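K.L.:
okay, structure incoming, though there's no sequence with it:
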């Protein structure tokens, strides 16, 4: 009976947590980097229905027009005169960004055209109109 257990020799066995914490930290970084963040314009809009609507995967600048003809960009209410400068600033942050205009079906058509003109004047190359897929 010459066998000795580690506990009898006075040495305590411990579990090393450092490698496990490293793996958890790396996984956390991976999920943060690969996560897709939902961008919101700031208000809920009832979009018009279109049979030919297509899903747009990436939209970096969302502009919403409410049924009471208010303009919202990134959860901030803006005036029609400041749409151009706001879009210019957002395009400077992301030069390949596209603009999606979400106009409520009860909003004025003329305001939509003004917002689209301001986005084009700001340098937006790609402008899309948000609609809901479905039959007319």
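P.N.:
Cool, the structure landed. In this text, all values refer to a predicted model and were calculated from it rather than measured experimentally.

K.L.:
pull the helix or strand with minimum mean pLDDT from this structure.
P.N.:
strand 49-50 (a mean of 66; mean pLDDT, DSSP states H and E).

K.L.:
what's the neighbour count on the nearest residue to residue 86 once chain neighbours are set aside?
P.N.:
The spatially closest residue to residue 86, leaving aside those adjacent along the chain, is residue 73, at 5.2 Å (CB to CB, 6 or more residues apart in numbering). C-beta: built from backbone N, CA, C; applies to glycine. Neighbourhood size, residue 73 [other CB atoms under 10 Å]: 22.

K.L.:
over to residue 73: give its phi and psi.
P.N.:
phi -130, psi 120 (degrees, to the nearest 10).

K.L.:
can you give me the pLDDT of it?
P.N.:
The model reports residue 73 with a pLDDT of 89.

K.L.:
correct me, but it touches residue 83?
P.N.:
Yes - between residue 73 and residue 83 there is a contact under CB atoms under 8 Å: 7.1 Å.

K.L.:
which residues are in contact with each of the two?
P.N.:
residue 63 (CB atoms under 8 Å, 6 or more residues apart in numbering).
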